[in-house]
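Asks: Quick one: sequence and predicted model below, then my questions.
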Amino acid sequence: MSEMPKGDADMSLKQGSGTGKVHFGGLDDVSLYGTPVEPAPPAPDAKQGFLRNQLQALFQPTDNKLAMKLFGSKKALMKERIRQKAAGHWVIHPCSSFRFYWDLCMLLLLVANLIILPVAISFFNDDLSTRWIAFNCLSDTIFLIDIVVNFRTGIMQQDNAEQVILDPKLIAKHYLRTWFFLDLISSIPLDYIFLIFNQDFSENFQILHAGRALRILRLAKLLSLVRLLRLSRLVRYVSQWEEVYFLNMASVFMRIFNLICMMLLIGHWSGCLQFLVPMLQGFPPNSWVAINELQEAFWLEQYSWALFKAMSHMLCIGYGRFPPQSLTDMWLTMLSMISGATCYALFLGHATNLIQSLDSSRRQYREKVKQVEEYMAYRKLPREMRQRITEYFEHRYQGKFFDEEVILGELSEKLREDVINYNCRSLVASVPFFANADSNFVSDVVTKLRYEVFQPGDIIIKEGTIGNKMYFIQEGIVDIVMANGEVATSLSDGSYFGEICLLTNARRVASVRAETYCNLFSLSVDHFNAVLDQYPLMRRTMESVAAERLNKIGKNPNLVAHREDDTTSEGNTINAVVNALAAEAEHVSLSDDSVARLSERSLGLALQPLQAASCRMAGVALPGLGVAAALPRPKSEHDFSSTQAQPPSLSSVGAAFHKSDAGIAP
Ligand code: CMP
């Protein structure tokens, strides 16, 4: 979790005589590049100085998780080290290795204390045994040292976490104002101090006042309970660690684990209290201990029954073995019921909240669906429409709801682009138009795509309307329907449609109907134009495909601009590549659609070196233009186009940019 400080942080600190000014080895503390200068190594002769430096290094912030969270970079950390040096010799930085290990030790000691103390106080009568006194003295001393350490530990401010308070006076002021008194009361051995003051008195009147001595002992016992106030320190340390070391998913489990531990600790304390009260009363015959005949039992048996009783109250299950008989028992039961049940309720609330936050997207989805259901009922929508809406939700969100736009909007531009590119990888792979295009073009397009889902029978595009977007098919089949209702062709995964309208600025030339559930990505007209203006070759490719499509459905292909510069060197290069491949493609058997698709892929691969060469020549990326020209005609387009005369100029450029064009029969 934490690393020891790297190297010694000595920097031959010189105090300017009387001024209190600090000089770092006579050098600037910041290098030319703004990086603080690493302190010089210690002088070899000064052994004492070496030890002091080692100790100081232990008090300095190291590049552990807490420091990195606070300062963000090693450079800032180095600056902080220099600042701490200036603050004084014996101020411990909260991000130092020393504080880390000290907190760890305190944590273990606190847990041990908070478990052992109540058991020892309630079930053991050896308050003055050496073992017990030694344990108490040792732990009290360590807790007192902890107070001293706290007085010398820098303070992280809530509102300004980067500015750690390192001035000893300010630290002391802050500590005195906050936790000091609670820490002090829980650390000083009040019971022993009390006993020492009463010692002479009880010794002199031992026989006469035996009852009083017993009472004094019992009071001392009660005073020793003050040590349990150390719980506040435990809560403080645990929450600080939780914040730093368990911030991610693990934090949820960590919090649930903490809650369970807290519950068990409260149950444990309550159990001990159940026994302590009758014990201090001297076990009256109607107390639960006497009724259960546990006065002389082994402590473990006593503890087990006490814990059972406490847990029964806590979980509101019962009263233990017998209901309370005495007034004290009854009050004790009431107290433990109120405190236990409250804690249990809090635990349940917290745990439910935490568990719910584990799967927030699923919960959000359920909430959304619930709301939609209520809306449908409120609007009295017909049953069939409700069914479609429900199915749409199921298909669109698949049980999880994310506000993707908000999530992506919160990322950096580079990260957003990377995530979108990754999300669209299957689309890019399946759309030959992308698969063979320049990666910059692909990236420019995919970052502007919007995911949309259509259901079977939905009219995605209506003929004659003005279009404002085109679509890429990730998954699904759409029919191109002409005015007379005839299906011209079908397109599926990897194809695109709706581009003609954007290219021509005219109306939609055909209708497009979803045959199955369709997962599409749409590109708005503004984005379409912005991207294609940057990549004119891609525009021409699209125009060629569009012209052929128009031709097939019997419309004028001249609606889209022609490639006037086919004779330019760029066009020649493309055609050369296309022709070279066409010759090669003649060997490919075109009998079967799957084979055709396979050849499309393999040709695409084989083409890559050629494409690269042509790209270099043309100065732009060459899409799968050549491959498309050499590819088999899609069955649907074959059938349909067999009735149409095809202009030779268009047949040389590829219409088969669509995987589906080669695979879906109408
Ligand atoms: P657009 O005119 O914007 O809207 C209807 C779309 O149907 C059209 O763009 C083309 O993308 C598509 N389309 C029209 N004819 C064909 C065809 N023969 N083959 C494939 N797609 C076509």
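Replies: Everything's here; your move.
Asks: For the rest of this, base every contact and every neighbour count on C-alpha atoms.
Replies: Fine.
Asks: Nearest residue to Glu543 in space, ignoring adjacent ones along the chain?
Replies: Ranked by Cα to Cα, 6 or more residues apart in numbering and with sequence neighbours excluded, the top spatial neighbour of Glu543 is Val560, at 6.1 Å.
Asks: how near is that neighbour to Asn551?
Replies: Per Cα to Cα, to the nearest Å, Val560 is found 11 Å from Asn551.
Asks: re earlier: distance check, the residue nearest to Glu543 against the ligand.
Replies: Using Cα to the nearest ligand atom, to the nearest Å, Val560 is found at 11 Å from the ligand.
Asks: any idea of the pLDDT on that residue?
Replies: Reading off the confidence values, Val560 has pLDDT 80.
Asks: I figured it hits Ala547, correct?
Replies: Yes. Assessed by Cα atoms under 8 Å, Val560 is found in contact with Ala547 at 6.2 Å.
Asks: Pull the distance from stretch 446-459 to the chain's centre.
Replies: Centroid separation between stretch 446-459 and its chain, computed with Cα atoms, centre = their mean, to the nearest Å, is 29 Å.
Asks: what does that stretch contact?
Replies: For stretch 446-459, the external contacting residues (Cα atoms under 8 Å, 6 or more residues apart in numbering) are 392, 395-396, 417, 420-421, 424, 460, 511-524, 527.
Asks: Just those residues: which are in strands?
Replies: Judged by DSSP state E, the subset of those located in strands is Ile460, Ser511, Val512, Arg513, Ala514, Cys518, Asn519, Leu520, Phe521, Ser522, Leu523, Ser524.
Asks: returning to what we had before: residues in contact with the residue nearest to Glu543?
Replies: Ile500, Leu503, Thr504, Glu543, Ala546, Ala547.
Asks: ok so, going back, can you narrow the contacts of stretch 446-459 down to the ones near the ligand?
Replies: Ser511, Val512 (Cα under 6 Å from any ligand atom).
Asks: from the contacts of stretch 446-459, which would you call buried?
Replies: Buried members of the contacts of stretch 446-459, scored by 16 or more other Cα atoms under 10 Å, are 392, 395-396, 417, 420-421, 424, 460, 511-524, 527.
Asks: So Ile171 lies in a helix, does it not?
Replies: Yes. Under DSSP: H, G, I helix; E, B strand; the rest coil, Ile171 sits within a helix.
Asks: residues in contact with it?
Replies: Ile171 makes contact with Phe151, Arg152, Thr153, Gly154, Ile155, Ile165 under the criterion Cα under 8 Å, 6+ apart.
Asks: The stretch 451-600 of the chain: helices as residue ranges?
Replies: Secondary structure of the stretch 451-600 of the chain, counting by DSSP state H, counting those that start in this stretch: helices at 499-504, 525-534, 536-552, 569-585, 593-618.
Asks: Out of those helices, which gets the lowest mean score?
Replies: Averaging pLDDT over each of these puts helix 593-618 lowest, since it has a mean of 37.
Asks: wait, Pro557 sits on Val509?
Replies: No. Using Cα under 8 Å as the test, Pro557 is too far from Val509 to be in contact (11.3 Å).
Asks: list the residues that contact both of those two?
Replies: Leu550.
Asks: on contacts alone, who are the packing partners of the helix or strand hosting Asp146?
Replies: Per DSSP states H and E, Asp146 falls inside helix 130-151. Packing partners of helix 130-151 (3 or more Cα pairs under 8 Å, 6 or more residues apart in numbering; DSSP states H and E): helix 168-177, helix 180-187.
Asks: what about those helices, which gets the closest to Phe123?
Replies: Checking the helices and strands packed on helix 130-151 against Phe123 by Cα to Cα gives helix 180-187 as the closest, at 21.0 Å.
Asks: buried stuff in the closest one?
Replies: Neighbour-count burial for helix 180-187 [16+ other Cα under 10 Å]: Phe180, Leu182, Asp183, Leu184, Ser186, Ser187.
Asks: can you check stretch 387-399 too?
Replies: So stretch 387-399, judged by 16+ other Cα under 10 Å, has buried residues Ile389, Thr390, Tyr392, Phe393, His395, Arg396.
Asks: Not counting its neighbours along the chain, what's nearest the fourth one?
Replies: In this case it means Phe393. Val369 (7.6 Å).
Asks: TSV for the buried residues of helix 180-187, including pLDDT and distance to Gly494?
Replies: Converted to TSV, these look like this (pLDDT from 0 to 100; distance: Cα to Cα, whole Å):
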residue	pLDDT	distance to Gly494
Phe180	90	69
Leu182	87	69
Asp183	88	69
Leu184	89	73
Ser186	87	71
Ser187	87	73
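Asks: Would you reformat the residues you listed as CSV and include distance to Arg450?
Replies: As requested, those are exported to CSV (distance: Cα to Cα, whole Å):
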residue, distance to Arg450
Phe180, 58
Leu182, 59
Asp183, 59
Leu184, 62
Ser186, 62
Ser187, 63
